[in-house]
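K.L.:
Sequence and predicted structure, then a few things I'm wondering about:
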Amino acid sequence: MSDFDVIHEQHEGHGRFVIHLDGDHEAKMTYTETAPGVVAIEHTLVPPEFRGQNIAAQLVEKGVRELANSGKKIVPVCSYVVLQFRRHKDWQQYLAG
């Protein structure tokens, strides 16, 4: 399993965590601020030809940790992120009330 360089890009009210892959491909996890200090993780996407390399898991792990460390609470909307929150019981503290 390779470790990928996960980049956090922020804009007013929303952002994404992205991994630039070969060619013009990228994997990403997007979020939107829904209230002060609360973000909804809405979407995770890995191009089909890059699946099976643990890319989505690395995006979510880095994203959740970084958002939580910045004081954000998280609402998982993306089904993959919901599944990861179920697997990582230690992440329950990061969930928005």
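P.N.:
Sure, I can see it.
K.L.:
For the residue most central in space within the chain, what are phi and psi?
P.N.:
Taking C-alpha atoms, centre = their mean, the centroid of the chain lies closest to Val60, which sits 3.6 Å from it. As for Val60, its main-chain torsions (degrees, to the nearest 10) stand at phi -70, psi -50.
K.L.:
Leaving out sequence neighbours, find the closest residue to it.
P.N.:
Nearest residue to Val60, sequence neighbours excluded (C-beta to C-beta, 6 or more residues apart in numbering): Gln84, at 4.9 Å. To be clear about C-beta, it is placed using only N, CA and C from the backbone, and glycine gets the same treatment.
K.L.:
re the thing from before, confirm for me that the residue nearest to the centre of the chain is in contact with Val46.
P.N.:
No: between Val60 and Val46 there is no contact under C-beta atoms under 8 Å: 10.8 Å.
K.L.:
Name the spans of the chain whose pLDDT lies under the cut-off.
P.N.:
Scanning the chain with the threshold set as pLDDT under 70 gives 1.
K.L.:
Tell me which stretches of it form helices.
P.N.:
Here the chain has its helices, by DSSP state H, at 55-69, 79-87.
K.L.:
Any buried residues in the last one, and which?
P.N.:
By neighbour count, with 16 or more other C-beta atoms under 10 Å as the criterion, the buried positions of helix 79-87 are Tyr80, Val81, Gln84, Phe85.
K.L.:
how about the strands of the protein, start to end?
P.N.:
Ranges of strands within the chain are 7-11, 14-20, 26-35, 38-45, 73-76, based on DSSP state E.
K.L.:
other SSEs contacting the fourth one?
P.N.:
Using 3 or more C-beta pairs under 8 Å, 6 or more residues apart in numbering; DSSP states H and E as the contact criterion, the secondary-structure elements in contact with strand 38-45 are strand 26-35, helix 55-69, strand 73-76, helix 79-87.
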